[in-house]
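Chemist: Got a predicted structure here, sequence first:
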Amino acid sequence: MSDSSRAGGAHGVDSADDSLRERWRNALVGARGGASAPDPMPYADNLLARWAEPQRRYHTTAHLVAVLDRIDTLAGYTADADAVRLAAWFHDAVYRPDRSENEERSAALAERALPEAGVPADVTAEVARLVRLTVTHDPADGDTNGEVLCDADLAILAADPKEYAAYAAQVREEYGFVPDDAFREGRSAVLRQLLGLPRLFRTPHGVARWEPRARQNLLTELELLSH
């Protein structure tokens, strides 16, 4: 990334992020065909600083780790696992809960940063497309990269009830500036939109392992919001 976009990137990045930095290195080097340069680490540091911003409660590095872990689980379904992993890094890199254009701004960040980092144009375009797909989480049939990213991002919906409750509470914290009535209305609309999808998950693993529990969790939260 340019000097201006990298400002502050390396500061405050904890050594506990070393494993994440290595995962970034592996995905970036893989996406550019094994080339070792440019140095991947300034880009990792910039992204980790973004994921650690103070306005985040759910969309944190813990969420990034979870999505990357799920992509590893689902990698056999992808056409390009490294592109999907890079999309995971960028999909919430720009996150302001009071704004509606986060995905577009995150995709634009990928379009600026990845060519500078040595990623070919076609892979960069695919990463940006995948980031934009997280607006709807509704990949086209046969879009295996999109299916894996969307399933990985939505897998929290299939968490056990305690973890799901913690996720829902973190989302409410991120929208702490929204009054209760408005939040209930908006969140309920999101839940109904998800429940209205023919399938929440598209990969065979997601359909078999995650779909039933996710729908139950969504229905439970929707019921709680109505009281």
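Modeler: Done, it's in.
Chemist: C-alpha from now on. contacts and neighbour counts both.
Modeler: Noted.
Chemist: just for this protein, where's the confidence low?
Modeler: 1-16 (pLDDT under 70).
Chemist: Is Val94 in contact with Glu103, as I believe?
Modeler: Yes. At 7.3 Å, Val94 counts as touching Glu103 under the criterion of CA atoms under 8 Å.
Chemist: which residues in this protein form helices?
Modeler: Here the chain has its helices, by DSSP state H, at 3-6, 18-31, 41-51, 61-74, 81-90, 102-116, 121-133, 144-154, 161-174, 180-195, 204-209, 211-225.
Chemist: hmm, who's touching the second one?
Modeler: For helix 18-31, the external contacting residues (CA atoms under 8 Å, 6 or more residues apart in numbering) are 35-36, 40-41, 44-45, 65, 82-83, 85-86, 89, 119-120, 123.
Chemist: Most neighbours among those, which one?
Modeler: For those, neighbours were counted using other CA atoms under 10 Å, and Arg85 has the most, 28 neighbours in all.
Chemist: Pull up the gap between that one and Arg199, please.
Modeler: Going from Arg85 to Arg199 by CA to CA, to the nearest Å gives 23 Å.
Chemist: just Trp89 next, same as before
Modeler: 25 Å.
Chemist: With Arg56 instead?
Modeler: The gap separating Arg56 from Arg199 is 28 Å, by CA to CA.
Chemist: The two: which is more packed in?
Modeler: With neighbours defined as other CA under 10 Å, Arg56 and Arg199 compare such that Arg56 has more, 19 against 13.
Chemist: contacting residues around the nearest residue to that one once chain neighbours are set aside?
Modeler: Closest residue in space to Arg56, ignoring its immediate chain neighbours: Glu174 at 6.1 Å, by CA to CA, 6 or more residues apart in numbering. By CA under 8 Å, 6+ apart, the residues touching Glu174 are Gln55, Arg56, Arg57, Tyr58, Pro97.
Chemist: what does Val148 give?
Modeler: The neighbourhood of Val148, defined by CA under 8 Å, 6+ apart, consists of Ile71, Leu74, Ala75, Tyr77, Thr78, Val84, Arg202, Thr203.
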